[in-house]
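A.B. asks: coordinates only, sequence not included:
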């Protein structure tokens, strides 16, 4: 099941999908940065440190969250 959420509603451990993407991402960390929320994410099936990436989302960006 998926729900639409805003970046400020996320916590580490949540699994998300960007609305325009098909890949599921595991949220490792959420922090507030310049320009919006900075999420540290990695693919759900790849927990290697080198697979992590940062994405910055505005407070109004909608995401899909897996429950």
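C.D. replies: Received the coordinates, thanks. Not measured: the values here are computed from a predicted model.
A.B. asks: enumerate every residue touching residue 14.
C.D. replies: Counting by Cβ atoms under 8 Å, 6 or more residues apart in numbering, residue 14 touches 26-27, 65-66. The way it works is simple: take the backbone N, C-alpha and C, and place the C-beta from them, glycine included.
A.B. asks: now do the phi/psi pair for it.
C.D. replies: For residue 14, the backbone dihedrals are phi -70, psi 150 (criterion: degrees, to the nearest 10).
A.B. asks: gap between it and residue 66?
C.D. replies: Distance from residue 14 to residue 66, counting by Cβ to Cβ, to the nearest Å: 8 Å.
A.B. asks: residue 23 should be in a helix, yeah?
C.D. replies: No: under the criterion used here (DSSP: H, G, I helix; E, B strand; the rest coil), residue 23 is coil, not part of a helix.
A.B. asks: got a pLDDT number for residue 2?
C.D. replies: Residue 2 is assigned 69 on the pLDDT scale.
A.B. asks: what number of residues lie near residue 42?
C.D. replies: By the criterion of other Cβ atoms under 10 Å, residue 42 has 17 neighbours.
A.B. asks: now do the same for it: its pLDDT.
C.D. replies: At residue 42, the pLDDT value in this model is 96.
A.B. asks: so it makes contact with residue 53?
C.D. replies: Yes: contact criterion Cβ atoms under 8 Å: residue 42 and residue 53 qualify, at 7.2 Å.
A.B. asks: run through the strands of the protein in chain order.
C.D. replies: In the chain, strands defined by DSSP state E lie at 2-5, 15-18, 25-33, 36-43, 53-57, 63-66, listed in chain order.
A.B. asks: tell me where the model's unsure across the chain.
C.D. replies: 1-2 (pLDDT under 70).
A.B. asks: repeat that with 80
C.D. replies: Along the chain, segments meeting pLDDT under 80 span 1-2, 67.
A.B. asks: separation between the residue nearest to residue 15 when sequence neighbours are not counted and residue 23?
C.D. replies: Take residue 15 and drop its neighbours on the chain: the residue closest to it by Cβ to Cβ, 6 or more residues apart in numbering is residue 66, 4.2 Å away. Using Cβ to Cβ, residue 66 is found at 12 Å from residue 23.
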